[in-house]
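Asks: Structure of the sequence below:
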Amino acid sequence: MAKAVVIGGGWSGCAAALASAKMGCDVILLERTDMLLGTGLVGGIMRNNGRFTATEEMIAMGGGELFEIADSVARHKNIEFPGHKHATLYDVAKIEPAVKKLLIDRGIDVRLITRAKDVKMNGNRIVSVLTDEGDEIEGDIFIETTGTAGPMGNCSKYGNGCAMCIIRCPSYGPRVSIAAKAGVKELMAKKSDGSVGAMSGSCKLLKESLSDDIVEKLNTRGVAVIPIPQELQKADALSQKACQQYALKEFAENVILLDTGHAKLMSPYYPLDKLRRIPGFENARYEDPYAGNLGNSMRYFSISPRNNKLQTEGVDNLLCAGEKAGPLVGHTEAIVTGTLAGYNAARLAFGKEPVEIPVELAVGDAISHVREQMNTPEGIAKKYTFSGSVYFERMKEKGLYTTDINEIKKRVEKAGMTNFFEKKFI
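Replies: Residues are numbered from 1 along each chain as shown. Next comes the predicted model:
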């Protein structure tokens, strides 16, 4: 049996592991912390705007298990907040155990607190990855989904200092780029002002630290929008966000909270002394990052050059997904790239040619378009997502955005992709 090794247990890593296992690979998933899902532990937004289309395309293509789990643990469905429609908010406390159970039930060897720190090479092929514990894990094919955040030094050098975020570099060690260890020259994204990286886009507030009125709105509606007095607004922070789909004036003029279990504050940081001067926030405290007063984690420091099949250029048996595959932002985007990378990893491991998703579908167009853009000085300074900003505008211009599920199914069928990720090729 072919062995696939997935390095990184975020949304893209979980999707890659699942897709490879479905195709018959013996899959090992390595995650350096004690939980899966990475930033998905503090994210929670699904199906907003074009993510609805992408989600239903993936379900129609047979790659929908993780989306269905997110739906199953949703706290709120079909909600609206400024600039975003028909969103689903999953419960950040329930999602990880549900995903972990699915992977284990599918026979995937999930190894937590296992940090890959180096590789052994034979020419242009990875032979094995080496862990902090001194183990050598061999494989036929490798999929890197380690993300692009950290290590701590980057947060200090390019941001506002280590924010002690969900990445937890001090506790579990910094992220290591497998592609870089294999000799690949990676890309670094930039902010609109030309500086390197991007700040993560939101913070979590302890819901119980907010006023009863705000909590009631969150629990019943899923969203609370609280106007900010003019003197407490901080519009300049919007350009720093990785999540440019939320860089709208409404997010500068209001505190926008979403209920994902905690209260998701749609800002990369907010000075606590100012926040506590807004009615209803007098006792507010941050849950993640703990330094949400002054900053959040920094991302997009190591993007792998790749083709549209998500093969990492320069290494014959390495694929990439999630933020490693380009300045893509979001859980949906990670699951999409992870599924394709995992599927193609299995094809390569069994001696088959990898495939591309047709650009007639939103998910295929996004993978192709982002690859083109990230290789240009202008494109690497932008962030791409199905839910807003420049790529959502492209979706609408190309007629790819729709919430008509039957229309999406017809589009997938026309592209020859119905149940594609379910079909065995061996």
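Asks: Which residue ranges of the stretch 151-300 of the chain form strands?
Replies: Listed from the start of the chain, the stretch 151-300 of the chain has strands (DSSP state E, counting those that start in this stretch) covering 198-199, 203-205, 223-227, 254-259, 263-265, 286-288, 298-299.
Asks: Make a markdown table from those strands and add distance to Val6 and mean neighbour count to it.
Replies: Where you see a C-beta, it was placed from the backbone N, CA and C, and this is true even at glycine. Below are the strands of the stretch 151-300 of the chain laid out as a markdown table (distance: least, C-beta to C-beta, whole Å; neighbours: other C-beta atoms under 10 Å):
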| stretch | distance to Val6 | mean neighbour count |
| --- | --- | --- |
| strand 198-199 | 25 | 28 |
| strand 203-205 | 27 | 25 |
| strand 223-227 | 35 | 18 |
| strand 254-259 | 30 | 24 |
| strand 263-265 | 28 | 24 |
| strand 286-288 | 25 | 23 |
| strand 298-299 | 20 | 30 |
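Asks: could these go into TSV alongside distance to Arg106 and mean pLDDT?
Replies: Formatted as TSV, the strands of the stretch 151-300 of the chain follow (distance: least, C-beta to C-beta, whole Å; pLDDT from 0 to 100):
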stretch	distance to Arg106	mean pLDDT
strand 198-199	33	88
strand 203-205	30	96
strand 223-227	34	96
strand 254-259	30	95
strand 263-265	30	97
strand 286-288	29	96
strand 298-299	29	92
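Asks: Identify whichever of those strands lies nearest to Ile141.
Replies: For Ile141, the closest of the strands of the stretch 151-300 of the chain is strand 298-299, at 26.1 Å, according to C-beta to C-beta.
Asks: What pairs with the closest one, parallel or antiparallel?
Replies: strand 198-199 (antiparallel) (DSSP bridges).
Asks: Return the distance of the partner strand from the chain's centre.
Replies: Strand 198-199 has its C-alpha centroid displaced from the chain centroid by 14 Å (C-alpha atoms, centre = their mean, to the nearest Å).
Asks: repeat for stretch 9-26
Replies: On the basis of C-alpha atoms, centre = their mean, the separation between the geometric centre of stretch 9-26 and that of its chain is 15 Å.
Asks: Show me what the mean pLDDT comes to for it.
Replies: The average pLDDT for stretch 9-26 rounds to 98.
Asks: Alpha carbons only: can I get it in PDB?
Replies: What follows is stretch 9-26, C-alpha atoms only, in PDB (Å, rounded to 0.1, in the frame of the first residue of the first chain):
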ATOM      1  CA  GLY A   9      -3.100  19.200  10.800                       C
ATOM      2  CA  GLY A  10      -5.100  22.300   9.900                       C
ATOM      3  CA  TRP A  11      -8.200  22.300   7.700                       C
ATOM      4  CA  SER A  12      -6.100  21.700   4.600                       C
ATOM      5  CA  GLY A  13      -4.100  18.900   6.200                       C
ATOM      6  CA  CYS A  14      -7.200  17.200   7.400                       C
ATOM      7  CA  ALA A  15      -8.800  17.500   4.000                       C
ATOM      8  CA  ALA A  16      -5.600  16.100   2.300                       C
ATOM      9  CA  ALA A  17      -5.400  13.200   4.700                       C
ATOM     10  CA  LEU A  18      -9.000  12.300   4.100                       C
ATOM     11  CA  ALA A  19      -8.800  12.500   0.300                       C
ATOM     12  CA  SER A  20      -5.600  10.300   0.200                       C
ATOM     13  CA  ALA A  21      -7.200   7.800   2.500                       C
ATOM     14  CA  LYS A  22     -10.300   7.600   0.400                       C
ATOM     15  CA  MET A  23      -8.200   6.700  -2.600                       C
ATOM     16  CA  GLY A  24      -6.500   3.800  -0.800                       C
ATOM     17  CA  CYS A  25      -3.300   5.300   0.700                       C
ATOM     18  CA  ASP A  26      -2.000   4.500   4.100                       C
END
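Asks: quick one: buried residues of the worst-scoring helix or strand of the chain on mean pLDDT?
Replies: With mean pLDDT, DSSP states H and E as the measure, the helix or strand of the chain carrying the lowest mean pLDDT is helix 249-253 (a mean of 84). Across helix 249-253, burial judged by 16 or more other C-beta atoms under 10 Å covers 251-252.
Asks: which strands and helices sit next to that helix?
Replies: The elements that helix 249-253 packs onto, with contact taken as 3 or more C-beta pairs under 8 Å, 6 or more residues apart in numbering; DSSP states H and E, do not include any helix or strand.
Asks: Let me have the strands of the stretch 151-300 of the chain in TSV, extended by distance to Gly330.
Replies: Conversion of the strands of the stretch 151-300 of the chain to TSV gives the following (distance: least, C-beta to C-beta, whole Å):
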stretch	distance to Gly330
strand 198-199	13
strand 203-205	17
strand 223-227	18
strand 254-259	14
strand 263-265	14
strand 286-288	17
strand 298-299	12
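Asks: Nearest residue to Gly38 in space, please, no chain neighbours.
Replies: Among residues not flanking Gly38 along the chain, Gly10 sits closest, at 3.2 Å (C-beta to C-beta, 6 or more residues apart in numbering).
Asks: How about Pro151?
Replies: The spatially closest residue to Pro151, leaving aside those adjacent along the chain, is Pro174, at 2.9 Å (C-beta to C-beta, 6+ apart).
Asks: try Cys25
Replies: Counting by C-beta to C-beta, 6+ apart, Ala4 is the residue found nearest to Cys25 once chain neighbours are left out, at 4.2 Å.
Asks: How about the secondary structure of that neighbour?
Replies: Under DSSP: H, G, I helix; E, B strand; the rest coil, the three-state class of Ala4 is strand.
Asks: I'd like to know how far Val363 sits from Ala182.
Replies: Val363 sits 27 Å away from Ala182, taking C-beta to C-beta, to the nearest Å as the criterion.
Asks: hmm, I was thinking of Ala263
Replies: Per C-beta to C-beta, Ala263 is found 41 Å from Ala182.
Asks: cool, Leu130 as well?
Replies: Here the distance between Leu130 and Ala182 works out to 12 Å (C-beta to C-beta).
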